[in-house]
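S.K.: My questions concern the predicted model and sequence given below.
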Amino acid sequence: MAFDSAVRQQGLLALERTPDSTLIIKLLGKWRLNRDLPSASIVSPELSAAPAPQRIIFDASQLSGWDSGLVSFLEGVSESCRARSIAEDRSGLPAGVRRLMALAEAVPEKQGAKSPEGRRLFFERVGNLTIDYGRAAGEVMAFVGNLSVTAAKFLLRRARFRTVDLLENIQDCGAKAVGIVTLISFLVGVILAFMGAVQLQQFGAAIYVADLVGIGMLREMGAMMTAIIMSGRTGAAFAAQLGTMKVTQETDALTTMGISPLEFLVLPRVIALVLMMPLLCLYSDFMGILGGAFVGVAMLGLSLTSYLRETISALSLTNLFIGLIKATVYGGLIAMAGCLKGFQCGSSSSAVGDAATRAVVSSIVLVVVACGVFAFITNLLGI
Amino acid sequence: MAYGSFVLMRDLNFTVRRGDIFVIMGGSGCGKSTLLRHLIGLKEPAKGEIVYGNLNFTMAGSAEREQLLRRFGILYQGGALWSSMTLAENVGLPLGEFTDLTPSQIREIASLKLAFVGLKGFEDYYPNQISGGMQKRAGLARAIALDPEVLFFDEPSAGLDPISSRLLDDLILELRDSLGATIVVVTHELASIFTIASNSVFLDADTRTMTASGDPKELLAHCTNPTVHRFLTRGAQDKELAGHGEAN
């Protein structure tokens, strides 16, 4: 390619070299953001090609339209010119473009304003994470401690919250959850029954599906499924509600009024869920057994009476109470996880979403861990 | 004042006298609201202390703090009304918690306070049913529910049209005169600064400390610090310089 008066045309752009080592950048056609615009880097090879141009001139005579896409391109070109100390002559550009470029360059980039998060050493990252985890653990301790004090206050009838709030929460995590609990529990009963039927039918002992479903629902699945539904439904809602209240400074307004948000906001929620969980669990047990009976009658050819008689003979109050105690504990865990994540929420709307997600994840983890602990204890006690 | 290891402001030292309308001013992001959060105990100073009368607020135990906080009224930036309660319930909550009034008395006082801020008849509205300016006024009604001795305002005029903003300024002056309250305002609205302030402190984001204090009108006349002067004159000099630049 000859350098003398060489014209290279690339779509919206034509580059021309004059003998006095000047680069003319001709802008052609419409430079709009909704078109495929060239990036400033396509000029760079021309700028660094030997012999290096002394100055560049812009020619906009064939430019038919522009918006900030052009300004962005020119800023890129001008930056690479400055880096190579090439003079630029902007007089050929439309006045509006020149003004916008001057505006963009009016305030120099603030030193250190760019995010300091660059590449960090491995050990620094590990150290920072450890410190963060330590702090988070401390926050959990403080929260649980404060909540215990608040609960004690409640038992002494000195806690301050509105009864209306408690009732509203009870309605929200009790009555309003019945629909979804019905559906899920019935299906879990059906699934358990199918699972058992495949094995038990080989021995001609299909009737024992009733035992499997009954004991399975009462001891484990009723509480577990209710807990998982409530983590997704109520735990997330608690985190989102409290998180939003934090963003809008409503919790600050309570604190500075001398009302503890823990008493006023967390306590009614925890009480509501702890009260409602065993009830929902009981209902879920019932629906699960119904699901099992449906499979037993419809698929296995058992009579409803014999299925129910078998169920009743298999179940004991111990099983029922183990399930209900579990549900109560799960309820407390879910409510606390939800409220804690809500209070730890940052101050933006995306932080509220994060808080809700974290609430669900940590309450499900807590529930499963608690379930393991219960399995261990009941095994130890031989019940 | 610091966030973690990031020091936002250092060497702040000022006194607010009883009955003052004290303005904390400064550019965006310089830490005005953070300073306010320190003053009302939502954040602990990294170093130093805050003293009210003869009570050291920073060192005080939680019971003393609670006592003191009860004598404060605070208007937050967005109003921060409790969204699950009606306006009357919002205003009535502190009354219900800290006085022995009966529910009907509380309701009467709540509607009186709402009437003070021009919201008579809105008692049973929920915060999301009224406009931003009205929420702010309702927030003020809640702040004055317990006839506080000290009132804090965080950006009272932010998001308000000039007339509502002016009315709010008048309301602030009125409250000072009628309740005899001491008022601390965080703002960068020049118009309201000159209307209401009897004393002030200027926080400078670049030097990370306070660069001036005193009556803003006097600061305008006498302060030699160029940043403060530019702030108080809306950068009028810059405009002139820029004007000359354009002409050349």
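M.R.: Sure, I can see it. Numbering: from 1, shown residues only, chains lettered A, B, ... in the order given.
S.K.: which bits of chain B sit near chain A?
M.R.: For chain B, the residues in contact with chain A (C-beta under 8 Å from any C-beta of the partner chain) are B:37, B:40-42, B:66, B:69-70, B:72, B:74, B:76-78, B:80-84, B:93-94, B:97-98, B:142. No exception for glycine: its C-beta is placed from N, CA and C like everyone else's.
S.K.: which of those residues count as buried?
M.R.: B:37, B:40-41, B:66, B:69-70, B:72, B:74, B:76-78, B:80-82, B:84, B:93-94, B:98, B:142 (16 or more other C-beta atoms under 10 Å in any protein chain shown).
S.K.: residue ranges of the strands in chain B, please?
M.R.: B:2-3, B:6-7, B:21-26, B:51-52, B:55-56, B:72-75, B:150-154, B:182-186, B:199-204, B:209-213 (DSSP state E).
S.K.: swap in chain A?
M.R.: Counting by DSSP E, the strands of chain A are A:7-10, A:13-18, A:22-31, A:55-66, A:87-89.
S.K.: Contacts only, for residue 130.
M.R.: Because you didn't say which chain, this covers chain A. With C-beta atoms under 8 Å, 6 or more residues apart in numbering or on different chains as the criterion, no residue contacts residue A:130.
S.K.: try again with chain B
M.R.: B:87, B:122, B:138.
S.K.: any idea which of these is closest to residue A:63?
M.R.: residue B:138 (54.9 Å; C-beta to C-beta).
S.K.: State the pLDDT value of that closest one.
M.R.: pLDDT for residue B:138: 90.
S.K.: what residues are up against it?
M.R.: Contacts of residue B:138 by C-beta under 8 Å, 6+ apart are B:79, B:81, B:87, B:90, B:91, B:114, B:117, B:119, B:122, B:127, B:130.
S.K.: closest to chain A among these?
M.R.: Nearest to chain A out of the contacts of residue B:138 is residue B:81 (C-beta to the nearest C-beta; 7.4 Å).
S.K.: right, and that closest one touches residue B:135 too?
M.R.: Yes - with contact defined as C-beta atoms under 8 Å, residue B:81 counts as touching residue B:135 (5.8 Å).
S.K.: if I look at those two, which residues touch both of them?
M.R.: residue B:127.
S.K.: Output the contacts of residue B:138 as CSV; include the columns distance to residue B:202 and pLDDT.
M.R.: Putting the contacts of residue B:138 into CSV (distance: C-beta to C-beta, whole Å; pLDDT from 0 to 100) gives the following:
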residue, distance to residue B:202, pLDDT
B:79, 27, 83
B:81, 31, 91
B:87, 36, 92
B:90, 34, 91
B:91, 34, 91
B:114, 35, 90
B:117, 29, 85
B:119, 34, 86
B:122, 37, 89
B:127, 34, 91
B:130, 34, 89
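S.K.: In ChimeraX, how would I select the buried members of those residues?
M.R.: Command for ChimeraX that selects the buried part of the contacts of residue B:138, burial taken from 16+ other C-beta under 10 Å:
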select /B:79,81,87,90,91,114,117,119,122,127,130
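S.K.: For chain B, what's the nearest residue on chain A?
M.R.: For chain A, C-beta to the nearest C-beta, closest residue to chain B: residue A:249, 3.9 Å.
S.K.: circling back to that earlier point, and the strands of chain B as TSV, adding mean pLDDT?
M.R.: Shown next, in TSV, are the strands of chain B (pLDDT from 0 to 100):
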stretch	mean pLDDT
strand B:2-3	62
strand B:6-7	68
strand B:21-26	87
strand B:51-52	84
strand B:55-56	80
strand B:72-75	89
strand B:150-154	90
strand B:182-186	90
strand B:199-204	84
strand B:209-213	80
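S.K.: for those, which one sits closest to residue A:160?
M.R.: Short answer: strand B:72-75, nearest of the strands of chain B by C-beta to C-beta, at 18.1 Å.
S.K.: Go ahead and name everything in contact with the closest one.
M.R.: A:253, A:256, B:40, B:136, B:139-140, B:142-146, B:148-154, B:156, B:181.
S.K.: helices and strands of chain A: which one has the lowest mean pLDDT?
M.R.: strand A:7-10 (a mean of 63; mean pLDDT, DSSP states H and E).
S.K.: Flag the shaky bits of chain B, pLDDT-wise.
M.R.: Scanning chain B with the threshold set as pLDDT under 70 gives B:1-8, B:236-248.
S.K.: If we ignore the residues flanking it in sequence, what's nearest whichever residue of it sits closest to chain A?
M.R.: As assessed by C-beta to the nearest C-beta, chain A sits closest to residue B:80 within chain B, at 3.9 Å. Nearest residue to residue B:80 in three dimensions, chain neighbours excluded: residue A:249, at 3.9 Å (C-beta to C-beta, 6 or more residues apart in numbering or on different chains).
S.K.: Check that neighbour and give its pLDDT.
M.R.: At residue A:249, pLDDT is 89.
S.K.: do the same with residue A:203
M.R.: Reading off the model, residue A:203 has pLDDT 90.
S.K.: can you check the one 5 residues further on too?
M.R.: Residue A:208 is assigned a pLDDT of 93 by the prediction.
S.K.: ok, how many other residues are close to it?
M.R.: 15 (other C-beta atoms under 10 Å in any protein chain shown).
S.K.: Contacts only, for it.
M.R.: Counting by C-beta under 8 Å, 6+ apart, residue A:208 has contacts A:196, A:200, A:310.
S.K.: For residue A:314, see how far away the second one is.
M.R.: Here residue A:200 is placed at a distance of 13 Å from residue A:314 (C-beta to C-beta, to the nearest Å).
S.K.: any residues in contact with both of these two?
M.R.: With C-beta under 8 Å, 6+ apart, residue A:200 and residue A:314 have no common neighbours.
S.K.: Could you verify my assumption that the residue of chain A closest to chain B touches residue B:82?
M.R.: No - with contact defined as C-beta under 8 Å, residue A:249 and residue B:82 do not form a contacting pair (10.7 Å).
S.K.: Between the contacts of residue B:138, which sits nearest residue A:284?
M.R.: Out of the contacts of residue B:138, the member with the shortest distance to residue A:284 (by C-beta to C-beta) is residue B:127, at 36.9 Å.
S.K.: right, and the closest one touches residue B:90 too?
M.R.: Yes - assessed by C-beta under 8 Å, residue B:127 is found in contact with residue B:90 at 7.3 Å.
S.K.: got any residues that touch both of these two?
M.R.: B:81, B:82, B:138.
S.K.: Cool, thanks, signing off.
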